[in-house]
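*Asks:* kindly return the folded structure for what I paste below:
(chains A and B)
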Amino acid sequence: MHVPDGFLDARTLVATAAAASVGFGLALRAVRRHLPPRRVPLIGLTAAFVFAAQMLNFPVAAGTSGHLIGAALATVLLGPAAAVVAMTAVLLLQSLMFADGGITALGANVLNLAVIAPLVAHGVYRVVRSAAGVGPQGTLLAAGFAAWCSTLAAALACAAQLAASGVVAWGTVLAAMGGVHMVIGLGEAVITMLIVAVVMRARPELVMPAEPARATARGRTLAYGAALAIGSMVLVAPFASPWPDGLEHVAERFGFASRALAGQPAPLADYTVAPLLDASPWLATVIAGGIGALVAFAVAWFVARALAAPGRAGARH
Amino acid sequence: MLRDRLLSPYQHGSSAVHRLPAGTKLLAAVACAVLIVLLPRSAWWAHAAVAGGLVAVAAVSRADLRGMLLRLLLLEPFVLGIALLALLRPGGVPLFLSMLTKSTLCLATMILLTATTRFSDLLAVLWRIRVPALLVTTLALMHRYLFVLVEEMERMQRARRSRTFVAGRSSAWRNSAQVAGQLFVRTSERAERVYLAMCARGWKA
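*Replies:* Below is the predicted model:
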């Protein structure tokens, strides 16, 4: 999901870099104030761990394989603010050492994968965990669903940036990125849950890092704010590009967008409910998103139950 | 070995490009990337000139061209994946070609930078231009332990492979997750030891 150089226009580059700096700055301040010095090296080593874990292959089908993204995993293991710092380090190193992810697009990549993804993961993790219980099953369910939501949120933010740059049409890119990452997110959810389950069995205290109350209150506000912003962005995006020169193309884009949506082989059959789509591509997108979320939640629930059940194959060492 | 070559982009050398200060090279690379991004899409000659400049620098650096091309080819699918979306819009072919050119040129720029500059030198530059200390510390620790953790992970995978015979898809997922989870447990234990060692050498947060 790393955006290479050359895809985003100057306005989007500047706007995303500014947003990423603010998000990273807030996270840095939270870490400085609330994280005990003892845990500082853990941030760097967890960043290295995420990088290493991304190299593990998870075979899918026909010789293809997926790998972890790790934003939700880092959030569950480190807490939100430290996860933002760790994921930023991962992206910086990938860009500066391996040319993976553009240097001019660094702001956009940090915003998507190191700010939005961990904060959405944190918000979802907290809400689901407080509803489903803090036991192993509730924790795993929350981690899995948080991984799915964070993957989708990062993909949609990336899609919005590409569309705002005028590279692709809003309808096309939202449908393509959203649809694909609803499926990729399922893989991310299952991998995250499997890894969290292993860590929880060996060292339960690592999965529930003790944070001072003030830090979590701040984290919650941040996470809710980010989730709200992304939610509104996703809902508003198909209506209008937020920039003036995009508006004149909206009509043309819309005509194309609905055709592209209808003609595309989407992973969800319900994604292209034809009559609905003619009425409102926006409504169809929301419905598809809702169905995707339900499926992801159900998958996370089943996997969590299987992994948390005592004496089952998944729970034994 | 291919993996070792991919994990260590820096190629030791003593050319004029290698000897330039890391800060200059980083600034030049970033400026070059910004220039490529901002070039008007119709200015083919300017893109060609940048490409010529990069080839000239690569020739002066006497770095391993095959290694750099291999790296470029490995990163190109990600570029293509996004660029293909542009083909879906009407009249998207010139846009597609332009983005492909710009991305490839930027990739070549960054690959050239990483092939001729040590990451630790780049870190020193980041430290000097006052990037927040916590981020530089995190990057330095990450760079230091990256290879340690990757090797530890490979040892664990090798050990597991030599003891198990089942090769199903679900067991492959569980095995990989087991390796990753165990790796994190070891990572956090290592972080405790690293902290004590850092304190013993006078480190303060």
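*Asks:* all contacts plus neighbour counts: C-alpha atoms, from now on.
*Replies:* OK.
*Asks:* what stretches of the chain score poorly on pLDDT?
*Replies:* All of this is about chain A. Within chain A, the stretches with pLDDT under 70 are A:62-63, A:208-281, A:310-317.
*Asks:* could you do chain B instead?
*Replies:* In the predicted model of chain B, residues B:1-6, B:165-167, B:205 satisfy pLDDT under 70.
*Asks:* which residues in it form strands?
*Replies:* With DSSP state E, there are no strands along chain B.
*Asks:* so what's the residue count around residue A:55?
*Replies:* Residue neighbour count, defined by other CA atoms under 10 Å in any protein chain shown, stands at 13 for residue A:55.
*Asks:* do residue B:58 as well
*Replies:* The number of residues packed near residue B:58 is 21, by other CA under 10 Å.
*Asks:* isn't it up against residue B:112?
*Replies:* Yes - the pair residue B:58 / residue B:112 is scored as a contact, 6.8 Å apart, by CA atoms under 8 Å.
*Asks:* distance check, residue B:15 against residue B:58.
*Replies:* Using CA to CA, to the nearest Å, one gets 10 Å for the distance from residue B:15 to residue B:58.
*Asks:* I misspoke; the intended subject was residue B:81.
*Replies:* Taken as CA to CA, the span from residue B:81 to residue B:58 is 27 Å.
*Asks:* with residue B:108 instead?
*Replies:* Noted for residue B:108: a distance of 10 Å to residue B:58, by CA to CA.
*Asks:* same question, residue B:11
*Replies:* The gap separating residue B:11 from residue B:58 is 12 Å, by CA to CA.
*Asks:* do the same with residue A:191
*Replies:* Residue A:191 is 41 Å from residue B:58, by CA to CA.
*Asks:* cool, and residue B:134?
*Replies:* Distance, residue B:134 to residue B:58, by CA to CA: 34 Å.
*Asks:* which residues of the stretch 101-250 of chain A lie near chain B?
*Replies:* Contacts of the stretch 101-250 of chain A with chain B, taken as CA under 8 Å from any CA of the partner chain, map to A:102-104, A:167-169, A:172-173, A:191, A:194-199, A:202-203.
*Asks:* so of those, which ones are in helices?
*Replies:* Using DSSP state H, the subset of those located in helices is A:172-173, A:191, A:194-199, A:202.
*Asks:* tally up the residues packed near the residue in chain B positioned nearest to chain A, please.
*Replies:* Proximity of chain B to chain A (CA to the nearest CA) peaks at residue B:138, 4.1 Å away. Residues within reach of residue B:138, counting by other CA under 10 Å, total 25.
*Asks:* ditto for the one 5 residues further on
*Replies:* Per other CA under 10 Å, the neighbour tally for residue B:143 reads 22.
*Asks:* what of the one 4 residues further on?
*Replies:* By the measure other CA under 10 Å, the count of residues near residue B:147 is 18.
*Asks:* same check, this time on residue B:67
*Replies:* The tally of other residues near residue B:67 (other CA under 10 Å) stands at 17.
*Asks:* same deal with the one 4 residues further on?
*Replies:* Each residue near residue B:71 was counted by other CA under 10 Å, and the total is 20.
*Asks:* and what of residue B:201?
*Replies:* Residues lying near residue B:201 (other CA under 10 Å) number 9.
*Asks:* same deal with residue A:7?
*Replies:* Residues lying near residue A:7 (other CA under 10 Å) number 31.
*Asks:* ditto for residue B:19
*Replies:* With neighbours defined by other CA under 10 Å, the count for residue B:19 comes to 13.
*Asks:* for it, give its distance to residue A:99.
*Replies:* Computed as CA to CA, the residue B:19 to residue A:99 distance reads 21 Å.
*Asks:* and what of residue B:148?
*Replies:* Per CA to CA, residue B:148 is found 21 Å from residue A:99.
*Asks:* and residue B:33, how many neighbours does it have?
*Replies:* For residue B:33, the neighbour count with other CA under 10 Å is 25.
*Asks:* how many neighbours does residue A:37 have?
*Replies:* Neighbour count of residue A:37, defined by other CA under 10 Å: 14.
*Asks:* ok, the closest residue to chain B within chain A to residue B:137 distance?
*Replies:* Residue nearest to chain B within chain A (CA to the nearest CA): residue A:44, separated by 4.1 Å. According to CA to CA, residue A:44 and residue B:137 sit 7 Å apart.
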